[in-house]
Every structure is written in C-alpha cells, then in structure tokens.
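S.K.: A structural model of the following input is requested.
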Amino acid sequence: IDAFIVVAPGKIGFKVDIDDLGEVADSVSKMLSPKEVLGLFRNLLSGGMPDAFALFSVLVCITVLSVLLELLSDSFSSSGTKNVMAYIASLSLATAVAALQFPVLKAAGAFFRRVCVMMNSFIPVMTALYIAGGNTGTAAVNASSLMIRLNIIELCATAIVMPAVCACVALTLADSLRTANGSLAGIV
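M.R.: Okay, the predicted model is just below:
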C-alpha cells in the first residue's frame, strides 16, 4: 500500500494506491481485533497513570468479589452469615485502600524531613555570606533565628501534621468498618 499527500491548488488530501485489497482487509481486521484494542487501551491507561490504574484495578476486583460474596450470602438463610460476608467485603475494601494510602503518607513525611534538612544546610552558607560582607552581628542573629524557625516548622510538619493526617485516615477506615456497607465516603 502506498499512501502520500496530494497538494493541489485549493485542495489538500491523501491518495492511496492499493495493490492488494486482501492485505488491507487483513491489516484492518488485525488492528480492530479485541486483543489489539484492549492492549492499546491497557497501554494507554497503565502508561499514563500507573498508580491510579493500579488502585482502580484493585478496587474494581474487590468490588466484583464483594458482589459475588453478597450473592453467595443470599443463599444462606442466617442473617449472621450475611453480616459476616458483608463485613469481609468491607474489610477487604478498607485494607486495599489503606495499603495504597499509607505509603503515600509515609512518603509525604519523608519529603517534609528532606526539605527541612535542605533548608538547614543553607544556614551555614548564608552565615558565611553575611560574614564575608562584614555583617557579623547580622550573621549570628540570622543563623540562630532561622535555625529556631526551621526546627519549629519541622516539628509541626513531622510531629503534628503527619500523625494527625494518619490518624484521620485510620479513623475514616475504622468508620468504614463500623457499618457493613463498606462506605469509603470519608476518604473521598
């Protein structure tokens, strides 16, 4: 198959010379096969948003399993068995969300610590610049005040904010387990 662009006065278009019509039909049918289309869709999703696609896949699988457990629990006459099945589905959903969220929170805490270490490493450089400029008094006051401010910010970020966020996520997950419906509305 030869394809090329035709440029004529006032018209731009494509011209395709088809040598073998069977070859075109085979190419089109192969390109539109379910395997190729699903493979393209999977590559687009996993390449563009791998973490979001992984979370979505896990939640879809757990939701399907939850529906299957609910259908299985309908075959039992005992309400206790139905409640256990619903609780297992809710617990598995909350576990999947927690397993994917707590590493993100841990990385955020590590980011705060790295930023504070980086800012603390700038203090001697700034002090040396002040001293080189002849401002020794300003250098001493500025270095100590910056050190105090950075330590307060680091303490607030790593010892107050991050544990509070983790506690809120844990309480939200506990609330989702309180009822057997598996609602994660607090996280969303």
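S.K.: dihedrals phi and psi, Ser77?
M.R.: The phi/psi pair for Ser77 (degrees, to the nearest 10) reads phi -90, psi -20.
S.K.: Ser75 too?
M.R.: phi -80, psi -20.
S.K.: mind checking pLDDT for it?
M.R.: At Ser75, the model reports a pLDDT of 77.
S.K.: before we move on, what about the one 5 residues further on?
M.R.: As predicted, Gly80 sits at a pLDDT of 77.
S.K.: same question, Gly22
M.R.: For Gly22, the model assigns a pLDDT of 68.
S.K.: where in the chain is pLDDT low?
M.R.: 1-25, 44-52, 179-188 (pLDDT under 70).
S.K.: which residues of it fall in strands?
M.R.: For the chain, strands defined by DSSP state E occupy the ranges 2-8, 11-17.
S.K.: could you point out the longest helix in the chain?
M.R.: helix 79-132 (DSSP state H).
S.K.: just to check, Cys166 is in contact with Phe102?
M.R.: Yes. In this structure, Cys166 is within contact of Phe102 by Cβ atoms under 8 Å, at 7.3 Å. C-beta coordinates here come from the backbone N, C-alpha and C atoms, glycine included.
S.K.: thinking again about what came up before, what helices or strands is the longest helix of the chain leaning on?
M.R.: Contacts defined by 3 or more Cβ pairs under 8 Å, 6 or more residues apart in numbering; DSSP states H and E place helix 79-132 against helix 50-74, helix 136-155, helix 162-178.
S.K.: how about these in CSV, adding mean neighbour count and distance to Asp26?
M.R.: Below are these laid out as CSV (neighbours: other Cβ atoms under 10 Å; distance: least, Cβ to Cβ, whole Å):
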stretch, mean neighbour count, distance to Asp26
helix 50-74, 13, 32
helix 136-155, 13, 64
helix 162-178, 14, 52
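S.K.: of all those, which one is nearest Ala107?
M.R.: Nearest to Ala107 among those is helix 162-178; the distance by Cβ to Cβ comes to 10.7 Å.
S.K.: please consider this matter closed, and thank you.
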